[in-house]
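> I would like the atomic coordinates for the input below:
(one chain, ligands or ions: 1)
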Amino acid sequence: MFRRRARRGLADSDLALVARVVPGWRHLNDDQRNIVIADADQLLRRFRWEAARNFELTDNMRVQIAAQAALPILGLDPGAYAKVGTVVVRPTTVRRTRVSDGPVPGVVEESSMYLAGEADEGDGPLVLAWDSVVSDTNHPARGHNVVIHEFAHKIDLLDNGFDGTPAILDPGQRLRWIAVCTEVYERLRRGEQPTGLRDYAATNPAEFFAVATETFFTVPVELAGSEPDLYAVLCDFYGQDPASRVVS
Ligand SMILES: [Zn+2]
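A predicted model of the protein is given here:
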């Protein structure tokens, strides 16, 4: 007789690892920690986890990814990751060439970039490069977090638009969101003054949202200082105030 083995969730022995990898863990109170742990457990069980060819995806790696992904949804509805089905982990970044219309009609431009992660536009897989996950985890003060970045794209996609404006509660909040994000984004595009966000945020509105999100969770005090309006709309959306946790 064959029995379906339940998918592995979080074990007690994983808790020290969770505490090590979640940005700002030491500033969370017990209730918040318990929610992150419970969500990480759910994400471990719910996602389909796949390793790229010739790569061994271990339980330890899955725990690190699920635990970091649990932080942004601490104050959100659990359905925030409804667009995440499969998580694929690769050993390292891949080089992608993208072809786009150039400034002259009929001419295309090719640019290549090294991708640390990808979030499919729709229900497709979320892809992470393990070496980038490790590097971001070990250096949270740099303000980068590829796990949070890619999962933010999937939150953005909830309303089926890859546009940097996630499905937001009420119309007033949405208007404020658009006004604040557009102002900072345009400034970043013009290169006018430092915003505390890395340049990649100027790529398009979707990347702006993903970069703003990873900055918000990894270096919240810095973002609150450099862009208080942006920080405030992110607090409103995520239902969390990570900078106040640090200073309180
Ligand atoms: Zn991105």
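
> so what's the residue count around residue 209?
Residue 209 is flanked by 25 other residues according to other C-beta atoms under 10 Å. Backbone N, C-alpha and C define where each C-beta goes, glycine included.

> neighbouring contacts of stretch 178-195?
164-165, 197, 199, 201-202, 205, 208-209, 212, 226-227, 229-230, 232-233 (C-beta atoms under 8 Å, 6 or more residues apart in numbering).

> could you redo the last one with a cut-off of 6 Å?
Outside stretch 178-195, the residues within contact range by C-beta atoms under 6 Å, 6 or more residues apart in numbering are 201, 202, 208, 227, 229, 230, 233.

> name the element the closest residue to the ion within the chain belongs to?
Residue nearest to the ion within the chain: residue 210 (4.4 Å; C-beta to the ion). Assigned by DSSP states H and E, residue 210 falls within helix 205-218.

> counting contacts, what elements does the helix or strand just after that helix pack onto?
Next in sequence after helix 205-218, counting helices and strands by DSSP H and E, comes helix 220-226. Contact partners of helix 220-226 among helices and strands, from 3 or more C-beta pairs under 6 Å, 6 or more residues apart in numbering; DSSP states H and E: helix 242-247.

> which of the contacts of stretch 178-195 sits closest to residue 32?
Closest to residue 32 out of the contacts of stretch 178-195 is residue 233 (21.0 Å), distances taken as C-beta to C-beta.

> so the residue positioned nearest the centre of the chain versus residue 180, what's the distance?
With distances taken as C-alpha atoms, centre = their mean, the residue of the chain nearest its centroid is residue 148 (2.1 Å). The gap separating residue 148 from residue 180 is 20 Å, by C-beta to C-beta, to the nearest Å.
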